[in-house]
Each structure stands twice: as structure tokens, then as C-alpha cells.
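Student: Using only what follows, build the 3D model:
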Amino acid sequence: MARNTSGLKRGNPATQFQKGTERQRQIARMGGLKRAENARRRKNFEEVILQVANMKVPFEAAIETMKKHGIAESDRDYLTMITLRSATEAALQGNAQQAQFFIENYQKALEHSEQADGRNFRIPAELLGKDFIDINREIKPNKTYVFKGGRGSLKSTYISEKTIELLINNPKMHACCIRKVGKTLKDSVWAQLKWSVEMMGLADDFECKRSPLEIVYKPTGQVIYFRGADDPGKIKSLKPPFGYIGILWIEERDQLAGPNEERNIKQSLLRGGKETYDFASYNPPKSKSSWVNEQESEPNPDRIYHESNYMNVPRDWLGERFLDDAAHLKEINPDAYDNEYMGIANGNGGSVFSNIVKREISDEEIKGFNTFYIGVDWGNYPDPYHAVLSSYDPKTGTIYIFGEHRCIKTRNEDTGSWLLNNWNDYLKSAPYGAVCDSAENKSILDYNSMGIKALACKKGAGSVDFGIKWLQLRKIVIDPVRCPYTYMELNKYEYPRDKDGNLISGYVDKDNHAIDALRYAFCFVYMTELPRNGKYYQDSPSSVNSRYTY
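Tutor: Model (predicted):
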């Protein structure tokens, strides 16, 4: 069963929020009732003018025609009457074009009045969560608003309420709600919007359909559509009967395949109008390497992030059971609590390296390093060549990564020249020179012939496990500007999972070229920590060194 995404208990609104007074309902419905009134007036007036134009009767006869068509005296305001007189006089003179001009101007005036009345509608203050008061004042068109938070944070509740407010206030806009899997829509976003419609006192103005799954604003015919990203054809073919899709809500955003899928959805839907409103919501995944967590660090002034959690939600909105469950999880599993309830991407979702410190490493800091370690993974197209430059402080157990070189389909002569031109001083100072993948002995000899001190790394049963575990026990400081590929690999590298998504032992041999180069760089360091009967301890570093000349 799909979980309740609103974070609120469902039930009688009056008993949960003590809302729903007649005055509040009248305020909530004001925009819809005014719009319905204007639509009725416009339709009846058009029918009258058509008859008047055909009959070519004087103004007094037109008044009688209005009565026959049920246009009440209360509807005969100044705008209606002056337009009717002008149109009838033009029709009597045989000027149908001028009569039509008066009709069209009347329609525009009504639409302007309709929009002005509709834009007065706002989310009732009693239904607005504390965390959303400030952001609600700042919502502007043509920006992306990303709402992230844990369970019970009200992010889905707020977006559903804002979607309804924007729909009422923008009579030419329709809305579309997206989830990764279409069959999850009815019990999540559709149910959430239906609930919000009822809470806001608008049940009489909206029709919540199950087949097809949509919600219709009855005064204007505007529609809230629901589509699954697993059927992109239905997204591309979505054509509203008038206006355009101007409001988009992507729920459980992290379930999308990545930014490309999200971008395709937006390009398919948000088109045809000058103003659009773009919302997304999700619970941050544990893994820092998840695309939604990684994207948050990318600078984008048009993408605004908002965080919320259940701590600022009134207790009676959540219920004692919810609060008891949260307190229990916090006591027995603080990491899970931080992720599930506080919305923190705490890196425990399968990340191999949770010991990374991302920061700048300055030239002055590098000048103070005493030892340098260089590792090379040769790569074999389409895999890249990757070299990494680092330092190590054994007293604090800290590795500093501040240099990398990455390329594809490049000759040994070219990569060797790059090392000599850029890292030659480090090569001379490194106790083992460049420690390289031992699978390419010819490449190592090529480096030796160029005057590069290069050694073959040690491999064998258990070498990968031991190397990664050794790295995990150190503090790894990395400069992401100097070493973007190395940082990306270390940050995204995760343990494998079984078909059910459970973590299993071992390490994935994919997208790990920088990690392999880092293991090679330090292999002779951590080999000294192995006992003589270790699984792959066969040669000392000195015996390996004696095999090659420089």
C-alpha cells in the first residue's frame, strides 16, 4: 500500500484542524463562483447578440430578448448594457463587423475582471505549515522549486495546496503531476490533491475523476492531469482543450532515472505559455551519490531548494503514533532517523567511502607536504587512463588528493610526457615513483625508457579488499576543483546490491579507475602492514624495484 505522502492524518477536516467555518469556505470558493458567474453571463450575452444581429431590432427590443433568454435584471450592469446598445445600433446600420468588435471587447473586459477576482484566492493561513510561510511569499513563475524533507514534513501537502491556488488564479493554465510509475499516482498525488481540495473548502468546485485519473476545476474546465514517467508517450501527447500546461509537480523526484529524464519531462510539458510554475518533491536518498543529492551542489540561480521536517508541524496534525515511531527510530537507529525523518543524506545508503572531506587544497598547503604518492591506471578503451597525485600524513592518517590526469585513447609517450612536464618534481620525491597497474608491463617499461620511475603494483587474492579497507580507515581530503573525476568516483562508489536492493559484500568493478589508481599509489604503504603470510605478500618493495631500471 502506498504511504500517505501528505504527512498528515486523513479524516474529517473539522476534527483535525478545527477548520471549515462557513466564512472560510466562502473565501475559498470566491474565485470559482465569480468565474462561473462570468462564464454564464458571457454565454448568455453572446446568444442574445447573435439573435439581435440577425433580427436587426432596436435596443428596446434587445432588452426583451434578454429577458426571454433568462438574463436577470441583476446581470444588466453598466458594461453589459452599454455594449448591448452599441452592438444593436451597429447591427441596425448593417455594420456586422463593428457589432462583433463591441462583443469581443466585452469578452476581454469580462476575462480581465475574472482574472482579477481569481487572483485574490490564497491558501487559507490555517492550512499553511510553519516551514512554508516564507517560501510561499517568494514563489515566482519560471523558476524551479525543489522541496526536500523527511516523513511528515508537509512538502507534498504544501505543493498540492499551491497547485490549487495557482490553478484558480491562472484561468488559462492546466497542471500535471508526475511520478516515476504511473500506477502509484492514484494513491499518492491524486489522493493528496483530492484531500487538499476538501480541506480548502472547494469540494463543490472540483470534480475528482478516477477514470481517467484527473481533477477538473468545474467553473473553467481547467484540468490537473496525472502521468507516469514510465509511459513517456502519454506525457508527450498530452494536449489540454485550451490554454497550456503551466503547473508541473514531480513527486518522489529521486525515483527518476536522472536529470536527463527530468529534463525531457519538462520539455514535453512546460511549453506554450510565458509563465510556468515548476515544483518537485522528494525525501533525500541516503546515498550522497544519488543524482538528486549531487545536483544540489550545482550552482543554478533558477533552482531554489527548500528544506522542511516534521519538527515544525503541530502534534495533532501528525498524531501520537507518528511521533512515537519517530522517537523509537531515533533511539534504536539514529542514522536511519536522520535520513527518514530529518531528510539528511547521511551517506549510509551503500557508499563505500564515507570518510571524504571535500575542500580546497591551496598551493601553500601543498608546499608543506613531505611525501608524495602517484598511481596510474592505464585504461583500455573505452576505459580511461587515470593518474592520481596525493600526499599522506601517517601521524593523522590523512590522505590529501590534489592532482589528477585523465584521458582516453592516448599513447604511453603522450601520457608520460605529460607526467614529466607537470609532475616531474613529485615523481622524483615519491618513494616509489609512479605505481602502475601491473597488467601492462610493456607500458611500465615504456615509462622507464622515458626516464620515469615507474613500478608495477602488487595484485593477488584479497588485494582489492585490503586496499579499499585501508583507504576507508583514513581521512581522505580531496580538492574537487583540481580532481573532479577522482572526487566523483570516490563519492559515487557504492557496494553492490542484490535483486531486491539489499547490500551485499564485495566491490563493483565499474567506474573505479581513479579508485584503482589510488590503491596502486599506496599499495607498498599498506603492504608493510600485512603479516608475512598475508594472502598477496610475496615481494618486498625493494625486490620489486630491482626489476626495473630508470
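Student: Angles on the backbone of Arg406, please.
Tutor: Main-chain torsions, Arg406, degrees, to the nearest 10: phi -130, psi 130.
Student: Correction: the previous question concerned Ser390.
Tutor: Here is the backbone geometry of Ser390 (degrees, to the nearest 10): phi -150, psi 170.
Student: Can you tell me the element the residue nearest to it when sequence neighbours are not counted falls in?
Tutor: Among residues not flanking Ser390 along the chain, Ile401 sits closest, at 4.6 Å (Cβ to Cβ, 6 or more residues apart in numbering). In this view, the C-beta of every residue, glycine as well, is placed from N, C-alpha and C. Using DSSP states H and E, Ile401 maps to strand 398-407.
Student: what's the answer for Ile123, then?
Tutor: Judged by DSSP H and E, Ile123 forms part of no helix or strand.
Student: Please name the spatially closest residue to it (chain neighbours excluded).
Tutor: Glu161 (4.7 Å).
Student: The residue nearest to Ser390 reaches Tyr392, doesn't it?
Tutor: No - using Cβ atoms under 8 Å, Ile401 is not in contact with Tyr392, being 10.1 Å away.
Student: Which one's more surrounded, these two?
Tutor: Using other Cβ atoms under 10 Å as the criterion, Ile401 and Tyr392 rank with Ile401 on top: 25 against 19.
Student: List the buried residues for the host helix or strand of the residue nearest to Ile123?
Tutor: Using DSSP H and E, Glu161 falls within helix 155-169. Within helix 155-169, the residues scored as buried using 16 or more other Cβ atoms under 10 Å are 155-169.
Student: before we move on, what about stretch 503-523?
Tutor: The neighbour-count check on stretch 503-523 (16+ other Cβ under 10 Å) flags 507, 512-523 as buried.
Student: In these, find the pair that's most separated.
Tutor: Tyr507 and Ala521 (17.4 Å; Cβ to Cβ).
Student: what distance separates the start and the end of stretch 226-236?
Tutor: Using Cα to Cα, to the nearest Å, one end of stretch 226-236 lies 13 Å from the other.
Student: For burial, what's the neighbour tally of the closest residue to Leu92 other than its chain neighbours?
Tutor: Excluding its sequence neighbours, the residue lying closest to Leu92 (Cβ to Cβ, 6+ apart) is Lys56, at 5.3 Å. By the criterion of other Cβ under 10 Å, Lys56 has 13 neighbours.
Student: Same question for Lys469.
Tutor: With neighbours defined by other Cβ under 10 Å, the count for Lys469 comes to 13.
Student: which residues does it contact?
Tutor: Contacts for Lys469 (Cβ atoms under 8 Å, 6 or more residues apart in numbering) come out as none.
Student: Could you give the average pLDDT over the helix or strand containing it?
Tutor: Here Lys469, judged by DSSP H and E, is contained in helix 463-472. For helix 463-472, the mean pLDDT works out to 88.
Student: what pairs with the helix or strand just after it, and is each one parallel or antiparallel?
Tutor: Tracing the chain past helix 463-472, the next element assigned as helix or strand by DSSP H and E is strand 475-478. Taking DSSP bridges as the criterion, strand 475-478 forms sheet pairs with strand 356-358 (parallel), strand 398-407 (parallel).
Student: mean pLDDT for those: which is lowest?
Tutor: If the strands paired with strand 475-478 are sorted by mean pLDDT, strand 356-358 sits at the bottom with a mean of 90.
Student: tell me which residues of that one are tucked away?
Tutor: By neighbour count on 16+ other Cβ under 10 Å, the buried set for strand 356-358 is Ile356.
Student: Quick one: name whatever helix or strand follows that strand.
Tutor: Assigned by DSSP H and E, the successor of strand 356-358 is helix 363-367.
Student: now that following helix: mean pLDDT?
Tutor: Helix 363-367 comes out at a mean pLDDT of 95.
Student: where's the one residue sitting closest to the centre of the chain relative to Leu167, distance?
Tutor: With distances taken as Cα atoms, centre = their mean, the residue of the chain nearest its centroid is Arg253 (5.0 Å). Distance, Arg253 to Leu167, using Cβ to Cβ, to the nearest Å: 21 Å.
Student: try Leu323
Tutor: Distance from Leu323 to Leu167, counting by Cβ to Cβ: 33 Å.
Student: go on, Thr415?
Tutor: Shown here: Thr415 relative to Leu167, a distance of 59 Å by Cβ to Cβ.
Student: next one: Asp231
Tutor: From Asp231 to Leu167 the distance is 24 Å (Cβ to Cβ).
Student: Repeat that for Thr371.
Tutor: Separation of Thr371 from Leu167 (Cβ to Cβ): 64 Å.
Student: Please apply the same query to Pro219.
Tutor: Distance, Pro219 to Leu167, by Cβ to Cβ: 11 Å.
Student: Could you verify my assumption that the residue nearest to Ile123 touches Gly201?
Tutor: No - using Cβ under 8 Å, Glu161 is not in contact with Gly201, being 11.9 Å away.
Student: Helix, strand, or coil at Val388?
Tutor: Look at Val388: counting by DSSP: H, G, I helix; E, B strand; the rest coil, its state is strand.
Student: what about it, neighbour count?
Tutor: 29.
Student: okay, the residue lying closest to it once chain neighbours are set aside: pLDDT?
Tutor: Leaving aside its sequence neighbours, Val388 sits nearest to Ala517 (Cβ to Cβ, 6+ apart; 4.4 Å). If you check Ala517, the pLDDT there is 97.
Student: which element is Ala517 on?
Tutor: Per DSSP H and E: helix 513-527 holds Ala517.
Student: Would you mind getting the angle between that helix and strand 398-407?
Tutor: Between helix 513-527 and strand 398-407, the angle formed by their directions is 140 degrees, by axes from the mean of the first three to the mean of the last three Cα atoms, to 10 degrees.
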